[in-house]
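Asker: Build the 3D model from these lines:
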Amino acid sequence: MAWYGNGGWDYYPPYVSVAEKRAHGARALAKLLKKTKRTAEPVVLAHRKRQLSTTFWGKAWADNLERYADFVNRLPRGRAYLRNGSVLDLAIAGGRVEAYVAGSELYRVTIRIASLAKTRWRRVVTRCTGRIGSLVGLLRGELSDDVLAVLTHAKDGLFPEPRELALDCSCPDSAEVCKHVAAVLYGVGIRLDAKPELFFVLRQVDQAELLRSATTGAVSRARPAAGKRIADDRLSAVFGIELEEAPLVRAARAGRPSRRGKRRA
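Answerer: Residues are numbered from 1 along each chain as shown. Here you go, the predicted model:
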């Protein structure tokens, strides 16, 4: 596209390759980060698969973005930017993503994510009670279909709706979801592939609370009912050990003859 200059549409900016833009952006970023003494954390794809994310949390994040019409028309160019390594830095903190993307210049992208409403969080926790076995299973996404449906529900699940996102980029594009923002949104999914616990940091909720409630129901259901005990002789048979009698049991038996046969002389 021609730029308006010298009284007409007659000026075309010189072509700059993607590699040159990345190199220029990396130099500019290094100067910025030198002041904070922080090392850049670029988003790098370690595979050439068509689908960007490879784990439950990363895929669910991307799927959630793509279900909204507000985003879908602006996302494809973001995928291209992410694939060519233009997201030079991406950091996640509580309810916030800060990133730098290489383009014609180095652009700063900020994404703010509203904390999950307490009532919505409590509904998720309640619906998952007794259905999650471990933290490892939760972070790996090794969950039942019922739990997955609760976590990913468009309105009542854990993933943000467009109204919960505040998007900002320093580029001149007036669109709320410019290609740089789109690249960072997908970059978050790549981060979640490697560190799924960051999702709960973004949503500002404690995964330990979800796990405690989710496992409590399972444990209580598995616990024997009051008054029912496994006999000591059965425990001994199962575990191959001889269990020592409790003091009260020994005292009660002290007053009556032993059931064991008399020893031979």
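Asker: Reduced to three states, what does Tyr107 come out as?
Answerer: Per DSSP: H, G, I helix; E, B strand; the rest coil, the local secondary structure of Tyr107 is strand.
Asker: for it, what are its contacts?
Answerer: Residues touching Tyr107, when contacts are defined by CB atoms under 8 Å, 6 or more residues apart in numbering, comprise 100-101, 169-171, 180. Using the backbone N, CA and C atoms, a C-beta is placed for each residue, glycine as well.
Asker: Enumerate the beta-bridge partners assigned to the closest residue to Ala166 other than its chain neighbours.
Answerer: The spatially closest residue to Ala166, leaving aside those adjacent along the chain, is Arg112, at 4.1 Å (CB to CB, 6 or more residues apart in numbering). Here Arg112 shows beta-bridge partners Arg96, Ala166, assigned using DSSP bridges.
Asker: how much space is there between Arg112 and Lys35?
Answerer: 23 Å (CB to CB, to the nearest Å).
Asker: These two - which one has more neighbours?
Answerer: Using other CB atoms under 10 Å as the criterion, Arg112 and Lys35 rank with Arg112 on top: 13 against 7.
Asker: Next one, pLDDT for the more buried one please.
Answerer: At Arg112, the predicted lDDT confidence score is 97.
Asker: Surely it touches Val181?
Answerer: No: taking CB atoms under 8 Å as the contact criterion, Arg112 and Val181 are not neighbours in contact, 11.9 Å apart.
Asker: Hmm, Leu135 and Gln207 touching each other?
Answerer: Yes: with contact defined as CB under 8 Å, Gln207 reaches Leu135; the gap is 7.1 Å.
Asker: rewinding a little: using JSON lines, please lay out the contacts of Tyr107 together with neighbour count.
Answerer: Conversion of the contacts of Tyr107 to JSON lines gives the following (neighbours: other CB atoms under 10 Å):
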{"residue": "Tyr100", "neighbour count": "26"}
{"residue": "Val101", "neighbour count": "33"}
{"residue": "Cys169", "neighbour count": "24"}
{"residue": "Ser170", "neighbour count": "15"}
{"residue": "Cys171", "neighbour count": "18"}
{"residue": "His180", "neighbour count": "26"}
